[in-house]
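Participant: coordinates only, sequence not included:
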């Protein structure tokens, strides 16, 4: 009997020291708890993670407990540049039991990070909104629901503390300091891809060979021509001198054309004066005018860019010198090639595919071009390019099918260079694809970095399908709606491997 009395006496203080926040009445003193706070009650927790079309909102701080001062650290990231966002104003509104609490943000001195001190005199379920403005526009973002707890013990009971050793800490400050970007995993249209090699060439209409209009000797005295030199339309390039020649001497033909023109003009003007006095007939005047016009046309044709000493060769387009086929002092004949010029309007990529892809040729709709030297990938559709021709038959000389692409001229492609070409067929399915830049390779295995929270990541192995040079199909390992790192994945991986990077380096939480 004495044993039961002893147990009853011991239980009395335990009963009165228990947290009565969940069972007390409205008149209960919210600060009447004298129990010791749990070991996790002061830890930093994630309160809100919210994404809009252009903004990532990440808010962390201590648990929200009635009567306690809590500092919330708000991180704002532009989803356009993935750099810190600096709004003109920032305010947090929380509706708790019908009462709206407004808390103004304070600057921390660090771009993109703001401090919002909060304190509540009640507890219960609440709803939060972030009010901000930038670039002269006001925005209201509904952050969702939250709990303001009666005491630390209530928060402890409501949270399960888990630790995952596979996660990687990578702070917003670290992400802002490097070339970093993320993307939501989604289903994309996907068609078959034909991978091949192509060679960059000037478009046919953008290449021209300048030929000699007369026979004579090449004179580079006015301008030195070398491959790669830029030229402008109508710019003089060289001269062909007719002096010293014996056969088909240009100076003789020039003098003859000039003489015929002057004689025809003189005869026409004399008959025109006689016709006024009715001395010459109309038929004679018409015949003289015709002879004059023919002689004038012949003379103007030969005198254009020419003189009695020779011919001046000018550039017919804006571009550059691709090849010089003669040397100073060479004797050339009429029609002989002198200079090959390339324009700067468009380029062609000539590639060939195996005959087994013949059935897919008619479904080609687009193409990506990867420049091996820089790893740059260009999409011809984005560049306003097109597929000029796609052959459907082979020849005795070439057992491959020719495909020709054309794009506006770009400095990212060099004429004569070889590039990787991904010919894209019309989509016939949808699948998960990710940017090629998001893939990490380790000993033949492939991984992506999944963003679990704005500062918490996971390296996950994936199985890959085909690639179009820009995006690669993920057969397994990802789910629609997850967010992955598309640029800067290597930095997150380095943070994991070093084990020395502080995930909250520079934080002002």
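Facilitator: Received, thanks. Since we're looking at a predicted model, the values are computed, not measured.
Participant: Now do the helices in the stretch 201-350 of the chain.
Facilitator: 250-276, 282-303 (DSSP state H, counting those that start in this stretch).
Participant: Where does pLDDT dip in the stretch 1-150 of the chain?
Facilitator: Scanning the stretch 1-150 of the chain for pLDDT under 70 picks out 1-42.
Participant: Give the buried residues for the strand or helix carrying residue 449.
Facilitator: Using DSSP states H and E, the element containing residue 449 is strand 445-453. Neighbour-count burial for strand 445-453, with 16 or more other Cβ atoms under 10 Å as criterion, is recorded at 446-451. For glycine as for every other residue, the C-beta is placed from the backbone atoms N, C-alpha and C.
Participant: hey, where'd the strands end up in the stretch 1-150 of the chain?
Facilitator: Remark: strands assigned in the stretch 1-150 of the chain by DSSP state E, counting those that start in this stretch are 45-51, 55-61, 70-78, 89-96, 99-104, 106-107, 113-118, 124-134, 137-148.
Participant: Quickly run through the sheet partners of the fourth one, with directions.
Facilitator: Think strand 89-96. Paired with strand 89-96 in the same sheet, following DSSP bridges, are strand 99-104 (antiparallel), strand 124-134 (antiparallel).
Participant: ok, residues contacting the longest one?
Facilitator: The list of residues contacting strand 124-134 from outside it, by Cβ atoms under 8 Å, 6 or more residues apart in numbering, reads 48, 50, 57, 74, 76, 85-97, 138-148.
Participant: mind running it again at 6 Å?
Facilitator: Under the contact criterion Cβ atoms under 6 Å, 6 or more residues apart in numbering, strand 124-134 has outside partners 87-97, 139-143, 145-148.
Participant: Just the buried ones among these, please.
Facilitator: Using 16+ other Cβ under 10 Å as the burial test, the contacts of strand 124-134 include 87, 90-92, 94, 96, 141, 143, 146-148 as buried.
Participant: what's the closest of those to residue 354?
Facilitator: Of all the buried ones among the contacts of strand 124-134, residue 354 sits closest to residue 141, with 53.4 Å by Cβ to Cβ.
Participant: In contact with the closest one, which residues?
Facilitator: Going by Cβ under 6 Å, 6+ apart, the list of residues near residue 141 reads residue 130.
Participant: gap between it and residue 91?
Facilitator: According to Cβ to Cβ, to the nearest Å, residue 141 stands 11 Å off from residue 91.
Participant: now do residue 260
Facilitator: For residue 260 relative to residue 91 (Cβ to Cβ), the value is 92 Å.
Participant: got it, and residue 387?
Facilitator: In terms of Cβ to Cβ, residue 387 sits 54 Å off from residue 91.
Participant: Which neighbouring elements make contact with the helix or strand where residue 465 lies?
Facilitator: Using DSSP H and E, residue 465 falls within strand 456-467. Applying 3 or more Cβ pairs under 6 Å, 6 or more residues apart in numbering; DSSP states H and E, one finds that strand 456-467 contacts strand 167-169, strand 445-453, strand 471-476.
Participant: Tell me which of the strands of the stretch 1-150 of the chain approaches residue 256 most closely.
Facilitator: Between these, strand 70-78 lies closest to residue 256; by Cβ to Cβ that is 76.0 Å.
Participant: Packing partners of that closest one?
Facilitator: strand 55-61, strand 113-118.
Participant: neighbours around residue 232, how many?
Facilitator: 10 (other Cβ atoms under 10 Å).
Participant: That one - nearest residue in space that isn't next to it in sequence?
Facilitator: Closest residue to residue 232 apart from its sequence neighbours, by Cβ to Cβ, 6 or more residues apart in numbering: residue 318 at 5.6 Å.
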